[in-house]
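All I have is the shape, not the residue letters:
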């Protein structure tokens, strides 16, 4: 005689506190006339519960889910189950001795019954948790009998429209007929969705008073998590089954009533994708919902957010490519910040529609000349800002905007509405982003927080070093979301530790302010030559850098070189190929930006040229400050100095010990790989994956638990 096969399926996540009692109660239950298997699907527990079950509950078969998604775990378990009947049960519970038999009391009465729910009681006080589920209006649901006494009114079996997934047995034929659980729900309301699908397929749902489970309410999931998913998934449920009612559900949603407009926005995005997936987009239903949302949504979330919503929906539905806007107010200047974001743009333009936004005349072809980066696949716009045009300011200076009634940078804010992703490329903190996702790139927080400060409105605050990140926290009281070291790619295949000449090299702009300290380097080298003529014989200092016309600092530097009367060469506005050649032949690299400075913005915030030198086996001797501390390991991959006396001492050590110099050159080369273009690309693409997730609306999902 064959007995009905029953699979008991439970999904776990860090459920160590409950599993012993749960499995013991199942073992003690009446299984007469049944062939029972117990199946546990774990959602990534890290509390040791999986190993504990393997050791102490040999009768339990364990599957491990690859993501923390309750509905997905159910599908995994059901697909692996052997039972003619499958029980889904919470594990923060214990079962009555007649729990299993009580299901069959109902199933035997009608072959059209697809699922039977238990009487679920609170384990603490034995009051009713659920004897079925009912809708209470506006697509909100509640457990029937919730928190009531277990009175005779719940002693009779009854048909239900909805059943709770806390303890329910399904007939195998029903599961196969209805299909997989909807994994978009993740958890909560997934059982309401499955209930309505069962009834649409012609299956009946019943409640059995003789099958009893004692539940520790919210034992393995928080009330906050429950509120979040119930709010979000209500929209999914309506969009899937009653799409025409979706617009009218906004005003009665908990997130709208609580002023949680971001959650409302993203929940609606999920819902619209669900509606367009579940219903033919060519039908009148979808058109009617879109028209209704067009009318009502601006009143709920504002005109700008509504505009962004429909634009973002186009991306979610695959109607067009993602549009990216990159704003660089100093894009006409060939600096490190421009190079940093140009490398971003080179990655972005391969997959998205990219537009560069400038305030002054510049051509994308200039980036090829400056950095050997081809940005011609991108588009560009030049948007003049009247406030600065009227004042004759060639480069917008946000420190001039203090007490104005209106923000002059609003013209850029409105432009940002045209993009799904808006990147503020160069630390201009007064542009309010209106795109769906926004990134603020900060090389250093130059300005204090003042009127029109907008940086806290960006979704991602990217810094180029821990040094910069520390000052962002200190000066702006903001926590950077991402750290991306600048992408440095100055490798020369002909470079090597044995291919060096007796050259000390410095590569820095000849700033009008003198912040790069080239005159100090000239004096230091001159003193070395005078004080140690034998050791320095045959060595020369080469200063390479860019300069603007009429640079008075450059003239002063030339005078200092003439006075030094030692081998010093000055190279102004060299081409990239020439700079690479200097890196190839130089043995030692000097950098002193930040020497004797008390203002943090005058210290090197990272040190790209230091890495460039290291990529060519130059041993760096650099200032012990700013981002240089993150690049050079003192006495291993180079030296860090605090004074010119230290600079001279470390340099003389390298000059006098060729073996040490070659060894440190090898270490510097290996260290430089941490800051390479390849590493930058990997990390930026990881960030882009997160951004695309945000565009889909999925970024707002907290880590899901497993039981209600």
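It's in. Predicted model only: the values in this text are computed from it and were never measured. Numbering: from 1, shown residues only.

And the pLDDT at residue 414?
We have a pLDDT of 95 for residue 414.

neighbours around it, how many?
13 (other CB atoms under 10 Å). From N, CA and C alone the C-beta is placed, and that goes for glycine too.

The residue lying closest to it once chain neighbours are set aside: what secondary structure?
Using CB to CB, 6 or more residues apart in numbering and skipping the chain neighbours, the partner closest in space to residue 414 is residue 434 (7.1 Å). State at residue 434, reduced to three classes by DSSP: H, G, I helix; E, B strand; the rest coil: coil.

just residue 571 next, same as before
strand.

Give me the distance between it and residue 579.
Using CB to CB, to the nearest Å, residue 571 is found at 8 Å from residue 579.

Mutual contacts of the two, please.
residue 544 (CB atoms under 8 Å, 6 or more residues apart in numbering).

sorry, back to before: pretty sure the residue nearest to residue 414 contacts residue 417?
Yes. Taking contacts as CB atoms under 8 Å, residue 434 lies within contact range of residue 417: 4.6 Å.

List the contacts of stretch 654-673.
Contacts for stretch 654-673 (CB under 8 Å, 6+ apart): 488, 497-498, 500, 502, 535-536, 539, 587-588, 611, 613-621, 631-633, 636-639, 653, 679.

likewise stretch 41-60?
Under CB under 8 Å, 6+ apart, the answer for stretch 41-60 is 9-16, 19-20, 23, 27, 38-40, 62-65, 67-70, 73-74, 76-77, 704, 706.

hmm, 7 Å instead?
11-16, 19, 23, 38, 40, 62-65, 68, 73, 76-77, 706 (CB atoms under 7 Å, 6 or more residues apart in numbering).

ditto for stretch 533-541
502-504, 521, 525, 528-529, 567-569, 652, 655-656.

how long is that stretch from one end to the other?
Length of stretch 533-541, first residue to last, CA to CA, to the nearest Å: 14 Å.

which stretches of the protein have low pLDDT?
Confidence mapping of the chain against pLDDT under 70 gives the ranges 1-2, 218-223, 281-282, 697-708.

re the thing from before, so which of the contacts of stretch 533-541 are in strands?
503-504, 568-569 (DSSP state E).

buried residues in the helix or strand residue 289 falls within?
If you go by DSSP states H and E, residue 289 is part of helix 284-301. Buried residues in helix 284-301, counted by 16 or more other CB atoms under 10 Å: 286, 289-290, 292-293, 297, 300-301.

out of these, which one sits closest to residue 544?
Relative to residue 544, the closest of the buried residues of helix 284-301 is residue 301; by CB to CB it sits at 53.4 Å.

wait, doesn't that closest one sit right on residue 267?
No. With contact defined as CB atoms under 7 Å, residue 301 does not count as touching residue 267 (11.3 Å).

Can you verify residue 462 is assigned to a strand?
Yes. Assigned with three-state DSSP, residue 462 falls within a strand.

and it, what does it touch?
Contacts of residue 462 by CB under 7 Å, 6+ apart are 439-442, 480, 482, 484.

Narrow the residues you listed to those that are buried.
Buried among those (16+ other CB under 10 Å): 439-442, 480, 482, 484.
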